[in-house]
Structure formats: structure tokens, C-alpha cells
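Visitor: fold the following and give me the result.
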Amino acid sequence: MIAELIDAVFGCKHPHYSFPISVRPVSRRNAAAKLTGTYVACLDCGKEFPYDWQEMKVIESPAQQRSYVASLTHKAAA
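Guide: Numbering: from 1, shown residues only. Now for the predicted structure:
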């Protein structure tokens, strides 16, 4: 818990990202690629984030991840 507090105050702001990396469907996916199949990594701290190719944006927060999943289910239902 103390580490989370220190990270919140002094942690990386993720200003630099790698080029988006798409994972093959048959290969094992890391946690960031499970949501979209594509991810980017922060070049400063190494943290990986899901990446949406259609919107061309990084999905950083859990709230953004939930809205992404909701939009997928809405598109599938239509």
C-alpha cells in the first residue's frame, strides 16, 4: 500500500510509448494485449497498456477498458 502511494505521487506519467505491437491470435498474449490484441509499452518505466487501432489511442485506465468492452458488446448486438 505504501508503494502504491509513492507511485501515485512520484510515479511515471508515461509520456513516451513504443510503436503499437500486435500479437498473433494463436500466440500467448500478455495482460495488456488480452483486451485488444495490440499493446504499447512506456519507454520510461516499461509498463504495458492495451492499444485500440480503430481509435488510435492508448487505453490507460480501468474505466477506459470497461467502456471499450461495452462498445464492443454494443457493436456485436447491433
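Visitor: Ala33 versus Trp53, what's the distance?
Guide: Separation of Trp53 from Ala33 (C-beta to C-beta, to the nearest Å): 12 Å. No exception for glycine: its C-beta is placed from N, CA and C like everyone else's.
Visitor: neighbour count: the two, which is higher?
Guide: Neighbour count, other C-beta atoms under 10 Å: between Trp53 and Ala33, Ala33 has more, with 19 against 11.
Visitor: which stretches of this structure have low pLDDT?
Guide: 3, 74-78 (pLDDT under 70).
Visitor: which secondary structure elements does the top helix by length along it contact?
Guide: Counting by DSSP state H, the longest helix found in the chain is helix 62-77. The helices and strands touching helix 62-77, judged by 3 or more C-beta pairs under 8 Å, 6 or more residues apart in numbering; DSSP states H and E, are helix 33-36, strand 48-52.
Visitor: give me the buried positions along the first one.
Guide: Pointing back at helix 33-36 there. By neighbour count on 16 or more other C-beta atoms under 10 Å, the buried set for helix 33-36 is 33, 35-36.
Visitor: perfect, I'm done here.
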